[in-house]
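Trainee: Quick one: sequence and predicted model below, then my questions.
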Amino acid sequence: MQRFFAKDQQSDFFIINEDDEYQIKKVLRYKINTEIEIVFDQKLFLAEIVSLTPLKIKKISQLEEELQLLNVTLFIPFLKENKMSFLLQKATELGVDKIGIYQADRSMIKKTDNYLKKLKRYLKIVKEASEQSKRLTLPLIEFVDQETLIAELGPKFICLPQAKINFKNHLKKLDDYDNIKLLIGPEGGFSLSEEELYLANGFIPINLGTRILRTETVPLFLLSSVNYQKME
């Protein structure tokens, strides 16, 4: 059953955005009496399409579904659009709670004046991935600066190939797996000054084993590791 995130609720009716309305009418070609899932205020509802012109979606009942949060924040550099789209989609499917996008010294892609337009596109990607993966929440996406990064609290890790200990061994030492921060570098790696700054401000260096992974693959490896550890 298709899931949508509602932007508002009026009495027993849900309000969705224009893109979702287009999908219901023109892409999925749903008819009156079609039942769908609606998420509103982190709660799941069974709803029914009772009118198409105008579109009216009526609540039938609230469904019981546990709110499962993976309280992990990813910090990723600006990437090419195809890589960013892939990363955002898959990280959302794997349960990431927050994604901070930052400017690294060696980023191949620089922050430009149209970043707000990009942010709108990124939010659409994670929304669609959240619906597909049956989430009750949308990941928060924001652009962050270096000062924000070094001020982060909680267990925070930086991926460095020369690190002595791998991520798996560090995870085993944690009492829980909430509030984890994961800092991933650009294709060219961190500059020496960046490494020194982050290490001096509490980031724990980790390696990912002997394989050399692409920047967009690293977050998926890390999130999969946290998910696996939580299930054990």
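Mentor: Perfect, thanks for sending it.

Trainee: For stretch 27-45, could you pull out the residues that count as buried?
Mentor: In terms of neighbour count (16 or more other Cβ atoms under 10 Å), stretch 27-45 has its buried residues at 30, 34, 36-40, 44-45. To be clear about C-beta, it is placed using only N, CA and C from the backbone, and glycine gets the same treatment.

Trainee: And the pLDDT at residue 154?
Mentor: Residue 154 is assigned a pLDDT of 86 by the prediction.

Trainee: ok so, going back, could you export the buried residues of stretch 27-45 as TSV, including distance to residue 51?
Mentor: Shown next, in TSV, are these (distance: Cβ to Cβ, whole Å):
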residue	distance to residue 51
30	12
34	11
36	14
37	18
38	15
39	21
40	19
44	22
45	17
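
Trainee: And those, which is closest to residue 193?
Mentor: For the buried residues of stretch 27-45, the closest approach to residue 193 (Cβ to Cβ) belongs to residue 39, at 43.2 Å.

Trainee: Residue 123 should be in a strand, yeah?
Mentor: No: assigned with DSSP: H, G, I helix; E, B strand; the rest coil, residue 123 falls outside any strand and is helix.

Trainee: before we move on, the earlier item: okay, and which of the buried residues of stretch 27-45 map to strands?
Mentor: 36-40, 44-45 (DSSP state E).

Trainee: which of these lies closest to residue 22?
Mentor: Minimum distance to residue 22 across these is 14.6 Å, recorded for residue 36 (Cβ to Cβ).

Trainee: Could you measure from the nearest residue to residue 187 once chain neighbours are set aside over to residue 76?
Mentor: What sits nearest to residue 187 in space, not counting adjacent residues and going by Cβ to Cβ, 6 or more residues apart in numbering, is residue 215, at 5.4 Å. For residue 215, the distance to residue 76 (Cβ to Cβ, to the nearest Å) stands at 8 Å.

Trainee: residue boundaries of the strands in this structure?
Mentor: For the chain, the strands defined by DSSP E occupy 3-5, 8-10, 13-15, 35-40, 43-52, 55-63, 72-77, 98-102, 140-143, 156-159, 180-183, 204-206.
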